[in-house]
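Visitor: coords please:
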Amino acid sequence: MALQLRPNCENCDRDLPPDATDARICSYECTFCADCVETKLFNVCPNCGGGFAPRPIRPTQEWRPGVCTTKQAPSDKRVHLKYSVEDVAAHCARVKDVAPERR
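Guide: Numbers count the residues shown, from 1 in each chain. A predicted model of the protein is given here:
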């Protein structure tokens, strides 16, 4: 099962194509841009409370049969936060000083 590779930052709606090096994901594949993760979310996923890691790049070339963006297409469904800006800020403030591995 391949990652969805969601096409946008859930916070600011910035486009994050499959080859974006500034895409970050949590363990639930919540997707945000590096700028939002670092300056607004403080490495706290506003959906689950976990931390973030760089999203892997899916190869465009089929180096092995069936494994590339044309054979396993990235998602085109844009996802947006369901929480208010105030709620996200409060949630991140509560959690940001707890190391991700202790959350």
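
Visitor: got the residue ranges for the helices in this structure?
Guide: Applying DSSP state H to the chain gives helices spanning 34-39, 85-95.

Visitor: can you put those helices in CSV and add distance to residue 101?
Guide: Yep, even glycine has a C-beta here, placed from its N, CA and C like the rest. Converted to CSV, those look like this (distance: least, CB to CB, whole Å):
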stretch, distance to residue 101
helix 34-39, 17
helix 85-95, 13
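
Visitor: what's the most buried one of those helices?
Guide: Most buried of those, by mean neighbour count (mean count of other CB atoms under 10 Å): helix 34-39, with a mean of 16.

Visitor: could I get that one in CSV with only the CA atoms?
Guide: This file holds the C-alpha atoms of helix 34-39, laid out as CSV (Å, rounded to 0.1, in the frame of the first residue of the first chain):
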residue,chain,number,x,y,z
ALA,A,34,7.8,22.6,6.2
ASP,A,35,7.1,26.3,6.8
CYS,A,36,3.8,25.6,8.6
VAL,A,37,5.3,22.7,10.6
GLU,A,38,8.2,24.9,11.7
THR,A,39,6.6,28.3,12.3
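
Visitor: who are the packing partners of it?
Guide: Judged by 3 or more CB pairs under 8 Å, 6 or more residues apart in numbering; DSSP states H and E, the packing partners of helix 34-39 are strand 23-25.

Visitor: understood, closing this out.
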